[in-house]
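K.L.:
Below: sequence and its predicted model.
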Amino acid sequence: MTAQPEYPRVLIWGAGAIGGSIGAYLARAGTDVTFVDQAADHVEAIRERGLSVTGPFGDFTVQAPAFTPGEVRGTWPLVLLCTKAQDTRAAAGALAPHLDPDGVVVSVQNGLNTLTLDEVLGPERVLGSFVNFGADYLEPGVVLYGGRGAVVVGEPSGGLSARSAQVHALLRAFEPEAVHTPNIMGYLWSKLGYGALLFATALTNDSIADALARPEDRDTYTELGREVMRVALAHGVTPEAFNGFDPSAFLPQASRAQAQASLDELVAFNRRSAKTHSGIWRDLAVRRRRTEVDSQLGWVVHFGALHGVPTPLTTRLVALIHDIEEGRRPLDRANLAELGQARTPAGEGA
């Protein structure tokens, strides 16, 4: 039996692409939603004109209270944390006074941010979530919801609980096929594998689908995915499949043909989305700001070193992204070719 949502009041902390899209759908479904965002112009636009969602699933606008972090008052039983991963620790400290004594925070972000939230808030107040839908922040007060994708929620320590079931029921107002899982960390590690591929595509100006389709770079993508999955296995995680990313295709015993098939599925999935480029690419090429690379792929390098699993490709990819962030190199296919030079022959890194 599917649980019924029991969170009539929800605080969305971070009202950009992810938080704006989910929050708008929840508000339209009747949930009492309050938005918090550090961008004052975005907050002001929501107050004056509402939050608008545009895209292939229809355009609509919702009216909801919006505040900057310094303005918000009160406490909530549920907070959906939707900030960039690198802002997690600061956001957790800022939102803590606004959480009911028995309230819960759900990390709706990329990366292993539940580990950071556990340190700041305590594991008893933290749930994990994995999302893979296509969305972009377009301008103050407007977000693009461009493509459906996986929405998953669960307990970071594993298993199912009443509270994770209630959050799952709530999120079905946004994604009717949302999943309630006993293995949320398996999804988050798989997203790190897929995320590594997205960071590699963002070294160029190609769309996600076009970049992943290029045969000359397929071996680099394959080894990158294998590198992350080797670390996940060493860390005791069982990766989960989603939206064309098949982690079993990147495991040590998998064939090149299996990896090619998974990459083909990812190309097909991304061609169906109105969001052509990753948020990483938008950070580098459009918004010209730092990406989440340290807060995502940094975990892979960290746990790889902890378990003695080499991560030469991931380490080089992090450095290349930093070069672009700091203006030392342009977006170019040559970056991807350079990344490929860090690839070791099959099997040597296992």
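P.N.:
Cool, got the structure.

K.L.:
Low-confidence ranges, the stretch 151-300 of the chain, go.
P.N.:
Of all residues in the stretch 151-300 of the chain, none has pLDDT under 70.

K.L.:
And the helices in it?
P.N.:
Ranges of helices in the stretch 151-300 of the chain, per DSSP state H, counting those that start in this stretch, are 162-171, 184-201, 208-213, 218-234, 256-271, 279-285, 293-307.

K.L.:
if you compare those, which one is most tucked away?
P.N.:
Stretch with highest mean neighbour count among these: helix 184-201 (a mean of 25; mean count of other C-beta atoms under 10 Å). (C-beta placed from N, C-alpha, C; glycine too.)

K.L.:
tell me what that helix is packed against?
P.N.:
On a contact count with 3 or more C-beta pairs under 8 Å, 6 or more residues apart in numbering; DSSP states H and E, helix 184-201 meets strand 126-131, strand 151-154, helix 208-213, helix 218-234, helix 279-285, helix 293-307, helix 312-325.

K.L.:
Let's see that with 7 Å instead.
P.N.:
Packing partners of helix 184-201 (3 or more C-beta pairs under 7 Å, 6 or more residues apart in numbering; DSSP states H and E): strand 126-131, strand 151-154, helix 208-213, helix 218-234, helix 293-307, helix 312-325.

K.L.:
Skipping adjacent residues, who's closest to residue 290 in space?
P.N.:
residue 325 (5.3 Å; C-beta to C-beta, 6 or more residues apart in numbering).

K.L.:
Tell me the spacing between residue 96 and residue 201.
P.N.:
Separation of residue 96 from residue 201 (C-beta to C-beta, to the nearest Å) stands at 36 Å.

K.L.:
Over to residue 143?
P.N.:
Distance from residue 143 to residue 201, by C-beta to C-beta: 22 Å.

K.L.:
How about residue 38?
P.N.:
28 Å.

K.L.:
same question, residue 86
P.N.:
For residue 86, the distance to residue 201 - C-beta to C-beta - is 20 Å.

K.L.:
okay, now the nearest residue to residue 279 once chain neighbours are set aside: neighbour count?
P.N.:
Nearest non-adjacent residue to residue 279, counting by C-beta to C-beta, 6+ apart: residue 17, 6.6 Å away. By the criterion of other C-beta atoms under 10 Å, residue 17 has 22 neighbours.

K.L.:
residues in contact with residue 17?
P.N.:
When contacts are counted by C-beta atoms under 7 Å, 6 or more residues apart in numbering, residue 17 touches 135, 136, 137, 143, 279.

K.L.:
Of those, which belong to helices?
P.N.:
residue 279 (DSSP state H).

K.L.:
farthest-separated two in the contacts of residue 17?
P.N.:
143 and 279 (11.8 Å; C-beta to C-beta).

K.L.:
what separates the residue nearest to residue 290 from residue 285, distance-wise?
P.N.:
Note on residue 325: its distance to residue 285, by C-beta to C-beta, is 11 Å.

K.L.:
Quick check: beta-bridge partners of residue 107?
P.N.:
Each beta-bridge partner of residue 107 is listed here, defined by DSSP bridges: residue 81, residue 128.
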